[in-house]
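# no FASTA, just this:
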């Protein structure tokens, strides 16, 4: 399809209007006020994850003092927040920083092509209302599209699935008309989504069974953080938020460090807490003792022990077994047991994608990210003027968003100081070992996607550290002009602070 004329010519194009994209726009407003920007968003509203997911109990799996932005205090009472409250928070941020007027909704990005001669990205998007392809041009491309496929969750093929006469639902596409009151529901899965859904559905369903192949570590924490509440009583809101955020960041790091350095001790601590929350549980070893070490997968957060309480009162149960096949009435297990169900919820996970499935090319040549190496966890070797947000697997996602945005703003300002139009992290050691994007993390969506992910190097700055304290220093304090980042001017456009139509015409 022939693309229409350009929808926008800007200094920075942000792809995605979720937590990362709105945060990036706010940082640009604060730190690079001379830069024009636009946001391209495939959905009809901002919010990303918090606009897409509508399943019962949808909530954060991190505390909001670290999942929230550094620059905007989280003022709600609950630290473990529900989806609608986070959606409101994203919208409030956009309103405060004047972001919404820059967003092009219902535009799905298809391709992005870099021109070295013009120092421009030409981004092609499909407009939902009429299917037309429109183009955006920008000097810098900031990818904030998240890490999973918004169109389709991960759906394994279960033998006999078509034989089941009840309703089958994936949490990523929860129907508004689904009434589970007084129904028997089987939830397949044991991750954060399943642990969220089960106790909420159990309040009105006849019974909810969580069917898992193997257990996950679950940890209970209060939905309302007493420390945060105390700080808000004695300090101004911003100061209370900063102190609580600092404390929670360091607590996360301590827990992760202990889990990796003393996994047996941490495992015992977590299991003892879970066992104490379910006194007398008969099959604890089978149903709640994982086969992997703590933080090899994310810990499942259980606010106010709601999952444990649902099990204690008999409204929910956990079954650890393997599926043999589905039947008309439910699921037949390898053990021979039949789990009868009126509805089955397949909380089987996400399909990981990168850059919102955008097809990249440089000067007309296709780019395969799996052939490239991360640069400071933000950019990729020899892909100029493009940054991407990919949050932490061992901490809150937004911690990475803030410091990546800091770095991008520092880089843009450095380019202006040098009169440069191009910033390219160049890898001159082609023999450097290529290591996995993430190591020591076995969650299914990563395990299914290793081959498509970019690589890590074996040294700085080509290695993602998964360490907020270290990366904060690298991205917010260390020199931008580090001898690896190469700055240059476009071949056919004179340097300037903004992309103007007359500059476009001159290049053509």
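Okay, I see it. This one's a predicted model, so the numbers in the text were calculated from it and none came from an experiment.

# identify each buried residue in stretch 63-76, please.
Buried residues in stretch 63-76, defined by neighbour count with 16 or more other Cβ atoms under 10 Å: 63-74. In short, each C-beta sits where N, CA and C put it, glycine included.

# closest one of these to residue 403?
Closest approach to residue 403 among these (Cβ to Cβ): residue 70, at 8.6 Å.

# quick revisit: now the buried residues of stretch 63-76 as CSV including pLDDT?
Shown next, in CSV, are those (pLDDT from 0 to 100):
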residue, pLDDT
63, 92
64, 94
65, 94
66, 94
67, 94
68, 95
69, 96
70, 95
71, 96
72, 96
73, 96
74, 96
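
# farthest pair within these?
Among the buried residues of stretch 63-76, 63 and 71 lie farthest apart (Cβ to Cβ), at 17.2 Å.

# show me how this structure divides into domains.
6-150+351-507, 161-346 (automatic domain parsing).

# looking at those, which one is packed in the most?
domain 6-150+351-507 (a mean of 19; mean count of other Cβ atoms under 10 Å).

# apart from its chain neighbours, what residue comes closest to residue 359?
Distances taken as Cβ to Cβ, 6 or more residues apart in numbering put residue 111 closest to residue 359, at 4.6 Å, once the chain neighbours are dropped.

# state the distance from the one you found to residue 278.
As for residue 111, its distance to residue 278 is 52 Å (criterion: Cβ to Cβ, to the nearest Å).

# and the pLDDT for residue 383?
Note for residue 383: predicted pLDDT of 97.

# follow-up on the earlier one: which of the buried residues of stretch 63-76 fall in helices?
64-67 (DSSP state H).

# as JSON lines, those residues with distance to residue 175 would be great.
As requested, these are exported to JSON lines (distance: Cβ to Cβ, whole Å):
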{"residue": "64", "distance to residue 175": "28"}
{"residue": "65", "distance to residue 175": "33"}
{"residue": "66", "distance to residue 175": "32"}
{"residue": "67", "distance to residue 175": "27"}
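
# between those residues, which sits nearest residue 368?
Among those, and counting by Cβ to Cβ, the member closest to residue 368 is residue 67, at 31.9 Å.

# the closest one contacts residue 401, doesn't it?
No: Residue 67 is beyond contact range of residue 401, at 9.7 Å (criterion: Cβ atoms under 8 Å).

# which residues are common contacts for the two?
Both residue 67 and residue 401 are in contact with residue 19, where contact means Cβ atoms under 8 Å, 6 or more residues apart in numbering.

# if we can go back for a sec, which stretch in the domains of the chain has the least confidence?
domain 6-150+351-507 (a mean of 89).

# now that domain, how far from the centre of its chain.
12 Å (Cα atoms, centre = their mean, to the nearest Å).

# just to revisit the earlier point, the residue nearest to residue 359 against residue 126, yeah?
No: taking contacts as Cβ under 8 Å, residue 111 lies outside contact range of residue 126: 10.0 Å.

# can you give me the strands in the stretch 251-400 of the chain?
300-303, 316-320, 323-326, 330-333, 338-340, 343-346, 359-362, 365-367, 374-375, 379-380, 386-388 (DSSP state E, counting those that start in this stretch).

# check the stretch 51-200 of the chain too.
Ranges of strands in the stretch 51-200 of the chain, per DSSP E, counting those that start in this stretch, are 103-104, 107-115, 120-127, 133-143, 167-169, 184-188.

# so who does residue 126 touch?
107-108, 110, 132-134.

# before we move on, the earlier item: residue 52: which of the strands of the stretch 251-400 of the chain is closest?
Nearest to residue 52, of all the strands of the stretch 251-400 of the chain, is strand 343-346, at 16.4 Å by Cβ to Cβ.
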